[in-house]
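Trainee: quick check, what structure comes out for this input:
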Amino acid sequence: MNRQILARWNVKCNRSRLVLVNLNDRLVFWACIGAICSSILSIIVFAGGLFLPTSAPPQPPYYGKALRRPNPYVNLDKVLRNGNYTFPPIMNFPPMVLQINTSDPQRKMREDDRQWRSSYGTVYPDDRHIVISSETSTIVQFRNLDYAMERCILTALLPRHTEPFDPQVSLRDPSTVDVWELDTTTEIARYIPDTWHRAAKRRQLFTTLEFSHAGPSNSSEFHCPSNEFTTLEFACSPTKPDCSVDFWQDQRAVPRGGIYIVQYQSPIPPMEA
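Mentor: Numbers count the residues shown, from 1 in each chain. Below is the predicted model:
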């Protein structure tokens, strides 16, 4: 009796072992199939990457057409109209100064700087480079500041050498320079690509200035609308093409010098109906 029970138990154990062996074999089989498929897929992806065209590098974000700056002087006319206020003139230096080659039909602009290395990294001072010659002209853009300061005069005054600012003035004295108004009212900025690369075409002759060590040269008074932009090109006059002006300017240097506009108080514009 005991032998029969033991025999049956052995049969059951053998059957269980066979089931486990078959199950393990199936797992090994399917694992091998999965590994082979994964390897084939990896080879296909790798081979496809060698023959597919390389995707274009990511482009910098484009912000579209430049938007007008919001009006920061809402209802200020109502405040000023009820009183008699007098405001001193404002010296306004151009934040944007760029150069172009006079022989370049595309008028591609570039910017010079006075960067220097320090223990904290690269330093970019607030110096602006003015270069005017038979080969190079300079584009400057002013942002017309403040409210009811819309009577402007353009001034060119050679900056002086002060510590620690050195303007490195190089001048053929005197040099007659034509100033052209450019056909744009859009802000020039790096984040607006269409405005940064090429200068706008000339609209009309704005004025003619004479750069000299003898003193400043001024334009006649002109209207500079508040919160708008005045964009000008300084180029050698065709009547005196041998002009040569080269210096750096810094709006913080004292005494002040360079190319700038002086804004004077103007009447309060009438209220809109």
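Trainee: return the residues in contact with the spatially most central residue of the chain.
Mentor: Taking Cα atoms, centre = their mean, the centroid of the chain lies closest to Arg190, which sits 1.6 Å from it. Residues near Arg190 by Cβ atoms under 8 Å, 6 or more residues apart in numbering: Trp196. Glycine gets a C-beta too; all of them are placed from N, C-alpha and C.
Trainee: repeat for Asp183
Mentor: Residues counted as contacts of Asp183 (Cβ under 8 Å, 6+ apart) are Ala200, Lys201, Arg202, Arg203.
Trainee: which regions of the chain sit below the pLDDT cut-off?
Mentor: Across the chain, the ranges flagged by pLDDT under 70 are 1-30, 48-68, 75, 269-273.
Trainee: quick one: the residue nearest to the centre of the chain from Pro95, how far?
Mentor: The gap separating Arg190 from Pro95 is 12 Å, by Cβ to Cβ, to the nearest Å.
Trainee: wait, His197 touches Arg107, no?
Mentor: No: in this structure His197 lies outside contact range of Arg107 using Cβ atoms under 8 Å: 9.2 Å.
Trainee: excluding chain neighbours, what is closest to Asp178?
Mentor: Distance criterion Cβ to Cβ, 6 or more residues apart in numbering; nearest residue to Asp178, sequence neighbours excluded, is Ser237 at 4.6 Å.
Trainee: around Gln263, count how many other residues there are.
Mentor: 23 (other Cβ atoms under 10 Å).
Trainee: try Thr185
Mentor: Applying other Cβ under 10 Å, we find 13 residues neighbouring Thr185.
Trainee: can you check Val177 too?
Mentor: Counted with other Cβ under 10 Å, the neighbours of Val177 add up to 25.
Trainee: that one belongs to a strand, doesn't it?
Mentor: Yes: per DSSP: H, G, I helix; E, B strand; the rest coil, Val177 lies within a strand segment.
Trainee: partner residues bridging it?
Mentor: Per DSSP bridges, the residues bridged to Val177 are Leu209, Cys236.
Trainee: surely it meets Pro241?
Mentor: No: between Val177 and Pro241 there is no contact under Cβ under 8 Å: 11.0 Å.
Trainee: just to revisit the earlier point, quick one, which of His197 and Arg107 is more surrounded?
Mentor: Counting neighbours by other Cβ under 10 Å for His197 and for Arg107 shows that Arg107 has the greater number, 18 against 11.
Trainee: show me what contacts the more buried one?
Mentor: Contacts of Arg107 (Cβ under 8 Å, 6+ apart): Ile100, Arg198, Ala199, Lys201.
Trainee: and stretch 192-209, what's buried?
Mentor: Within stretch 192-209, the residues that count as buried by 16 or more other Cβ atoms under 10 Å are Ile192, Thr195, Ala199, Ala200, Arg202, Phe206, Thr207, Leu209.
Trainee: excluding chain neighbours, what is closest to Trp196?
Mentor: With sequence-adjacent residues excluded and distances taken as Cβ to Cβ, 6+ apart, Trp196 is closest to Arg190, at 5.5 Å.
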